[in-house]
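Novice: build me a model:
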Amino acid sequence: MENRKNLGMLGEDLTCSYLKKKGYGVIKRNERNRFGEIDIIAREKSGTLVFVEVKTMREGELKPEDQMKKRKIENFRKSAEFFAGQNEELIDEKRGWRLDLVAIIIEEEKNSIVHYENI
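Specialist: Coordinates of the predicted model:
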């Protein structure tokens, strides 16, 4: 179990670096509420608040995107709505907020990162 936790933390670290390179500002990590956990909360350059779910797998396993089942997406949305309702000052009225998925495959030579916006 510890290995899986370390893999998840590595994926979140890689995602934070990736987002920062794209001009996002990371606000929070591992935000928990009664609906679940939000891996990363960030702000896009445009001002949009972005809730990011990170799925990380090792090379040769299934695709990380396959882990996002309907129930997981619904809980992710509920967690984001709850956070947004509790932190309205973080929401830009014109830009709002959205849900993103970052799927990472850890490979020997080079890691693969795919960013899905507005899932």
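
Novice: remind me which residues of the protein are low pLDDT?
Specialist: Judged by pLDDT under 70, the chain has its weakly predicted residues at 1-2, 61.

Novice: in the chain, which spans are helices?
Specialist: 2-21, 70-86 (DSSP state H).

Novice: tell me the phi and psi of residue 45?
Specialist: phi -50, psi -30 (degrees, to the nearest 10).

Novice: give me the number of residues near it?
Specialist: Other residues near residue 45 number 9, with proximity taken as other Cβ atoms under 10 Å. (Each C-beta comes from the backbone N, C-alpha and C, glycine too.)

Novice: out of the helices of the chain, which gets nearest to residue 50?
Specialist: Closest to residue 50 of the helices of the chain, according to Cβ to Cβ: helix 2-21, at 8.1 Å.

Novice: what lies in contact with the closest one?
Specialist: 26, 29-30, 39-40, 42, 52, 54-58, 102, 104, 106, 111, 113, 115 (Cβ atoms under 8 Å, 6 or more residues apart in numbering).

Novice: find the nearest non-adjacent residue to the residue positioned nearest the centre of the chain, please.
Specialist: The residue lying closest to the centre of the chain (Cα atoms, centre = their mean) is residue 52, at 2.1 Å. What sits nearest to residue 52 in space, not counting adjacent residues and going by Cβ to Cβ, 6 or more residues apart in numbering, is residue 40, at 4.0 Å.

Novice: same check on residue 30?
Specialist: If you skip the residues right next to it in sequence, residue 30 has residue 37 as its closest partner in space, 6.1 Å away by Cβ to Cβ, 6+ apart.

Novice: please name the bridge partners of that neighbour.
Specialist: When bridges are taken as DSSP bridges, the partners of residue 37 come out as residue 32.

Novice: okay but it is in contact with residue 79, surely?
Specialist: Yes. Using Cβ atoms under 8 Å, residue 37 is in contact with residue 79, at 7.0 Å.

Novice: what is in contact with those two at once?
Specialist: Common neighbours of residue 37 and residue 79 (criterion: Cβ under 8 Å, 6+ apart): residue 31.
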